[in-house]
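S.K.: what's the 3D shape of this:
(chains A, B, C and D)
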Number of protein chains: 2
Amino acid sequence: MAVVADPSELLDCLRANPVFAELKPWAIEELLDGALLRTVQAGGAIVRQGDAADHFGVIFSGRAKMVQVTAEGHQVLLRYLMAGQEFGLLAVLPEHAYPVTIEAVEECQVLCWSGPVLADAFVRHPQVALNALRIMVLRNQELQARYRELVTDRVEQRLARALVRLATIAGAPDEQGTRIALPLSREDLAEMIGTTLYTVSRTLSQWEQAGLVATGRERIVVCATAELEQLAGASEPLPVSCVAPCALVEMLSAARAASAQTARH
Amino acid sequence: MAVVADPSELLDCLRANPVFAELKPWAIEELLDGALLRTVQAGGAIVRQGDAADHFGVIFSGRAKMVQVTAEGHQVLLRYLMAGQEFGLLAVLPEHAYPVTIEAVEECQVLCWSGPVLADAFVRHPQVALNALRIMVLRNQELQARYRELVTDRVEQRLARALVRLATIAGAPDEQGTRIALPLSREDLAEMIGTTLYTVSRTLSQWEQAGLVATGRERIVVCATAELEQLAGASEPLPVSCVAPCALVEMLSAARAASAQTARH
DNA sequence: CGAGTTGTTGAAATGACTCAATGTTAGTGG
DNA sequence: CCACTAACATTGAGTCATTTCAACAACTCG
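M.R.: Numbers count the residues shown, from 1 in each chain, chains lettered A, B, ... in the order given. The predicted structure is shown next:
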């Protein structure tokens, strides 16, 4: 399973990540030297809420979810991390704790840099710092939009929008429409949009009867994107921060799916 | 009213802002040269949602609120901007639109830099870029926390927490406890925590009867901080991003209050 | 096959919203 | 100084979306 990663694939991964955009190839190679490739089993924690934020990382393979838990044990899903997405920019600031837990949904390979190494990269390659700022600004925009949605929109609208977004960033063509290529339980969706798994289940059942979606165990196919978009209501186009890495995600996951198949048989 | 600002006060304002932290005095002066001081009347828009994001700014005097409006006209208050706080870091990225409207609550004086000038500042003073990144990272943390609260906590808890926070950042000693030195209507509070003014009014009435707070028209005094904190439940300490500029806010507003008084009489 | 997820659905409870009527306070101008 | 106005605040009653609880069905995996 845990195949040693191909160095050129690692380079591709960084090259396509917004953090390393506009960097000369030699600079990326240099940065890669400072990185550590860590493998985390499915269900394991890539970073743990409350721990000292000492590492910055990029997901090289696998999927993970970023969650925040409350003192009472309630859980909120902030976002999904897929291959090519970064986390822990916080690590440049000394003396901070991770505000979230990142949990591997499936086995993940993660490229890691320690805080000081990242800080050094910022100094040696100012472009990296600018890229980081861009990412944070865009991510902030996205969060603000979700915050507003949570206040102003009903569960139905939020669920519709979540499905449309997921179909966009993790959609795979399917006979009935666009399949969301992510093992999504009702509970995952509920945590994503801030509701309960029961309400999600009910709403999906309704939509299934109306022919808008087709569902199964941890599987959702969007059949009528246009109708769902209408249910979601008018909304600004998705900020680029999520969209950008996705071309990469497609690329990498397709490549790895192929190699995994050959390896398995 | 619109007194020409004292240059040394402007310098103080920048010096205390996290964006310009760790900069040499000459560098701050240089940056100040590139700025434009704009006055916006109470009720006017400092930036308008949807407009091209071409300016970065720092509030020099007055208070403003950052809101996001939906297509249906619903409004969400994202945060209050007080003297010393910045906005529009987005302007370094070309081709973006403001995702929010910033509305002056009272007459505001705003220091503005155009996008290119800000970008230039980033190049000439890498520290500024790092500071900007720090701010965005911390602000992102704060938003994540508020997002989680919105999902997991009841209105009562959120209101209690909002009052405790407001008392911390804008509290003034009072005979009955800590007065929040901000003209806060029930509606403002409601938009802050994502509820309606009616629910806020009811909850405050209840608390007033229990002796936890004392209220008046746009005036709230926190009498029993400990009890409110308990109602708010366990919560991580407030991220520094808000706290940092507050000492400055106190300083400046006190200074200006004094000078305004002498000017008026 | 059996055990443990994962999903469905009904009924009851409820927190919060909406609407509408009414009271209160701070300014304004005569 | 007072009446007038507009903004702000309170309160009750009715409604609704969503949650909660509980029981059951369906699927997966060892």
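S.K.: and A:Val222, backbone torsions?
M.R.: Main-chain torsions, A:Val222, degrees, to the nearest 10: phi -90, psi 120.
S.K.: now do A:Glu218
M.R.: Per degrees, to the nearest 10, the backbone of A:Glu218 is at phi 60, psi 30.
S.K.: pretty sure it is touching A:Pro183, no?
M.R.: Yes. Here A:Glu218 lies in contact with A:Pro183, judged by CB atoms under 8 Å, at a distance of 4.4 Å. In short, each C-beta sits where N, CA and C put it, glycine included.
S.K.: helices or strands next to the helix or strand encompassing A:Leu37 in the packing?
M.R.: Taking DSSP states H and E as the definition, A:Leu37 sits inside strand A:36-40. When contacts are defined as 3 or more CB pairs under 8 Å, 6 or more residues apart in numbering or on different chains; DSSP states H and E, strand A:36-40 sits against strand A:108-114.
S.K.: got the buried residues for the strand it packs on?
M.R.: A:108-113 (16 or more other CB atoms under 10 Å in any protein chain shown).
S.K.: show me which of these is closest to A:Asp6.
M.R.: A:Gln109 (11.2 Å; CB to CB).
S.K.: how about the contacts made by the closest one?
M.R.: For A:Gln109, the contacting residues are A:2, A:5, A:37-40, A:59-62, by CB atoms under 8 Å, 6 or more residues apart in numbering or on different chains.
S.K.: that one bridge partners, please.
M.R.: Judged by DSSP bridges, the bridge partners of A:Gln109 are A:Thr39, A:Ser61.
S.K.: let me know the pLDDT of it.
M.R.: At A:Gln109, the model reports a pLDDT of 93.
S.K.: do A:Thr203 as well
M.R.: The model's pLDDT for A:Thr203 equals 97.
S.K.: in the helix or strand hosting it, what's buried?
M.R.: Using DSSP H and E, A:Thr203 sits in helix A:197-210. Neighbour counts using 16+ other CB under 10 Å place A:199-200, A:203-204, A:207 of helix A:197-210 among the buried residues.
S.K.: out of those, which comes closest to A:Gln157?
M.R.: Relative to A:Gln157, the closest of the buried residues of helix A:197-210 is A:Thr203; by CB to CB it sits at 10.4 Å.
S.K.: and the gap between that closest one and DNA strand C?
M.R.: 9 Å (CB to the nearest atom of the strand, to the nearest Å).
S.K.: how far away is that residue from DNA strand D?
M.R.: Applying CB to the nearest atom of the strand to A:Thr203 and DNA strand D gives a distance of 8 Å.
S.K.: what's near enough to touch that residue?
M.R.: Neighbours of A:Thr203 in contact, by CB under 8 Å, 6+ apart: A:155-156, A:159.
S.K.: what are the boundaries of the helices in the stretch 151-265 of chain A?
M.R.: Using DSSP state H, counting those that start in this stretch, the helices of the stretch 151-265 of chain A run over A:155-170, A:186-193, A:197-210, A:225-232, A:240-264.
S.K.: what about stretch A:130-145, near chain B?
M.R.: Yes. Counting by CB under 8 Å from any CB of the partner chain, contacts between stretch A:130-145 and chain B involve A:130, A:132-134, A:136-141, A:143-145.
S.K.: CA atoms only: put that stretch into CSV for me.
M.R.: Extracted C-alpha coordinates of stretch A:130-145, given in CSV (Å, rounded to 0.1, in the frame of the first residue of the first chain):
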residue,chain,number,x,y,z
LEU,A,130,2.6,36.4,-1.2
ASN,A,131,1.1,33.2,-2.4
ALA,A,132,0.3,32.3,1.2
LEU,A,133,-1.4,35.6,1.7
ARG,A,134,-3.5,35.2,-1.4
ILE,A,135,-4.6,31.8,-0.2
MET,A,136,-5.6,33.1,3.2
VAL,A,137,-7.4,36.1,1.8
LEU,A,138,-9.4,33.9,-0.6
ARG,A,139,-10.1,31.3,2.1
ASN,A,140,-11.3,34.0,4.4
GLN,A,141,-13.7,35.2,1.7
GLU,A,142,-15.0,31.7,1.3
LEU,A,143,-15.6,31.3,5.1
GLN,A,144,-17.3,34.6,5.3
ALA,A,145,-19.7,33.5,2.6
